[in-house]
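Participant: model the following, please.
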Amino acid sequence: MTAPIHPPVTVVGIGADGWPGLPETSRAALLDAESVLGGARQLALLPDSCTAERVPWPAPLRPAVPGLLAERAGRRIAVLASGDPMFYGIGRTLTETVGAAALRILPHPSSVAYACARLGRPVEDTEVVTLVGRPADRLAAALHDGRGLLVLSAGADTPAQVAALLTDRGFGPSRMTVLEQLGGEAESAHEGVAQEWDHAPGDPLNVIAITCVRAPGALRLGAVPGLPDEAYEHDGQLTKRHVRAATLAALAPAPGETLWDIGGGSGSIAVEWLRTHPSCRAYSVERHPERAARIERNAARLGVPGLAVVHGAAPDALAELPSPDAVFIGGGLTVPGLLDACWEALAPGGRLVANTVTLESEALLTTWYRRHGGDLTKLSVAHAVPVGGFTGWRQSMPVTQWSVVRNENRVEER
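Facilitator: I've put the predicted structure just below:
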């Protein structure tokens, strides 16, 4: 963070209605400014009476912000933002760069506020997914039958991309409404069904409203860990559904936390960790190139393309990773130094969960359980299957699971 700027930078939210839609306070700030920074589209909305230097944002924007502000230190600076600067806007970048005390923020109604007003939807009941500078695959994690969504569009082509994704993920019957130039004189709306979407690209300034409708026969994906095994592409290296649900419960993800998933296999543990909250992060460590590529495909399809796949073998591949809040070991337990490296990486309060089906690894987990405590559990799952004309139980291989919270106050056995 740079040193505070004096006078404060005034951040002015502006909508598609431009100068006429601004309150007097915002107009006065822009008329008084010596330099106005903003996107080319936003700067074009200013009248000639604004005589300040107009500085369009370069690309990439974020690295350039400190230098642009430092060059104008001591001047009266205004920054134009789309709608509410603190809602997926430039306000966050500025706050992280110069600090909240160096800013004076004058928000305008956001596109979400306008869209909910037009559609009659309560804002608090509407989930918002932004695709601005983000892959469209992330929308998949928000798709649930009957759910109302708002998608912040990246441009004129986004509605067609969203329609294609909905159709591919089993939500082709979903209703879409594309709202363009919200709040401006050219405001318009286009409606249709995702699987039949044939509208030509329109205005790049648009928001997409979706009413999710799952297609008949499409796989149902719930909002909690334990997705159907059929949701994953795999080669047999998959933590099965019931064990996966128990594993995520032991890992106990919370917003903003980071997971190391070691021996990723199909990536199911990391994928479902990320699906619990959009602010979670995960690193899946996998040494087999084919499986690493498969993890990336599973993550994209299930709506968490931000999963970082680390190609390499643990523990060496762990050296450069950010510190974890939780570690899952699904393979390689007997690799020399692996458990030690994972344990040392955890801060007090960090969680470690390890699963195994072999006696050798179970013996190792028993030793660590005696040393550090926690819970040592045997998970056994059986499924009903036909036995001639009757039905019987088929037992899956039992899984030994050790889960523990690191506590520096514990006296460890030697």
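
Participant: and stretch 202-217, what's buried?
Facilitator: Asp203, Leu205, Asn206, Val207, Ile208, Ala209, Ile210, Thr211, Cys212, Val213, Arg214, Ala215 (16 or more other C-beta atoms under 10 Å). No exception for glycine: its C-beta is placed from N, CA and C like everyone else's.

Participant: please apply the same query to stretch 168-185.
Facilitator: In stretch 168-185, counting by 16+ other C-beta under 10 Å, buried: 169-174, 176-184.

Participant: average pLDDT for it?
Facilitator: Stretch 168-185 carries an average pLDDT of 96.

Participant: likewise for stretch 66-75?
Facilitator: The pLDDT scores in stretch 66-75 average 92.

Participant: again, but for stretch 343-361
Facilitator: Mean pLDDT, stretch 343-361: 96.

Participant: and that stretch, how far from the chain's centre?
Facilitator: Relative to its parent chain, stretch 343-361 has a centroid offset of 26 Å by C-alpha atoms, centre = their mean, to the nearest Å.

Participant: where does the chain have low pLDDT?
Facilitator: 1-6, 408-414 (pLDDT under 70).

Participant: all helices of it, in order?
Facilitator: Per DSSP state H, the chain carries helices over the ranges 24-32, 40-43, 65-71, 90-98, 111-119, 158-168, 241-251, 268-275, 289-301, 338-345, 359-372.

Participant: nearest to Val327, of those helices?
Facilitator: helix 338-345 (4.6 Å; C-beta to C-beta).

Participant: the closest one to helix 359-372, inter-axis angle?
Facilitator: 30 degrees (axes from the mean of the first three to the mean of the last three C-alpha atoms, to 10 degrees).

Participant: of the helices of the chain, which is nearest Gly83?
Facilitator: Minimum separation from Gly83 across the helices of the chain (C-beta to C-beta) falls at helix 111-119, 5.5 Å.

Participant: list the buried residues in the closest one.
Facilitator: Result for helix 111-119 [16+ other C-beta under 10 Å]: buried residues Ser111, Val112, Ala113, Tyr114, Ala115, Cys116, Arg118, Leu119.

Participant: circling back: wait, which of the buried residues of stretch 202-217 is closest to Pro47?
Facilitator: Nearest to Pro47 among the buried residues of stretch 202-217: Leu205, at 19.7 Å, using C-beta to C-beta.

Participant: ok, and the closest non-adjacent residue to the closest one?
Facilitator: Gln181 (5.6 Å; C-beta to C-beta, 6 or more residues apart in numbering).

Participant: you'd agree that neighbour is up against Ala189?
Facilitator: No. Look at Gln181 against Ala189 with C-beta atoms under 8 Å: they stay out of range, at 10.0 Å.

Participant: in space, what's closest to Gly172 - neighbours in sequence excluded?
Facilitator: That would be Gln195: by C-beta to C-beta, 6+ apart, it lies 3.2 Å from Gly172.

Participant: closest to Arg76 among the buried residues of stretch 202-217?
Facilitator: Leu205 (28.4 Å).

Participant: now that closest one: how far from Ile14?
Facilitator: 12 Å (C-beta to C-beta, to the nearest Å).

Participant: same question for Pro225.
Facilitator: In terms of C-beta to C-beta, Pro225 sits 42 Å off from Ile14.

Participant: before we move on, what about Ser110?
Facilitator: 12 Å.

Participant: since we're on Gly89, how many residues are nearby?
Facilitator: Close neighbours of Gly89, defined as other C-beta atoms under 10 Å, add up to 20.

Participant: what's the spacing between it and Tyr114?
Facilitator: 15 Å.

Participant: and what of Glu230?
Facilitator: On the measure of C-beta to C-beta, Glu230 and Tyr114 end up 40 Å apart.

Participant: I figured Asp125 was touching Leu149, is that so?
Facilitator: No. In this structure Asp125 lies outside contact range of Leu149 using C-beta under 8 Å: 10.8 Å.

Participant: the two: which is more packed in?
Facilitator: Neighbour tally, Asp125 and Leu149, criterion other C-beta under 10 Å: the higher count belongs to Leu149, 20 against 9.

Participant: might you report the residue contacts of the more buried one?
Facilitator: Thr126, Glu127, Val128, Val129, Leu139, Ala142, Leu143, Ala209, Ile210, Cys212 (C-beta atoms under 8 Å, 6 or more residues apart in numbering).

Participant: of these, buried ones?
Facilitator: Judged by 16+ other C-beta under 10 Å, buried ones among the contacts of Leu149: Thr126, Val128, Val129, Leu139, Ala142, Leu143, Ala209, Ile210, Cys212.

Participant: just the closest of those residues to Ala73, please.
Facilitator: Using C-beta to C-beta, those come closest to Ala73 at Val128, 35.0 Å.

Participant: beta partners of that closest one?
Facilitator: On the basis of DSSP bridges, Val128 is bridged to Leu150.

Participant: that'll do, ta.
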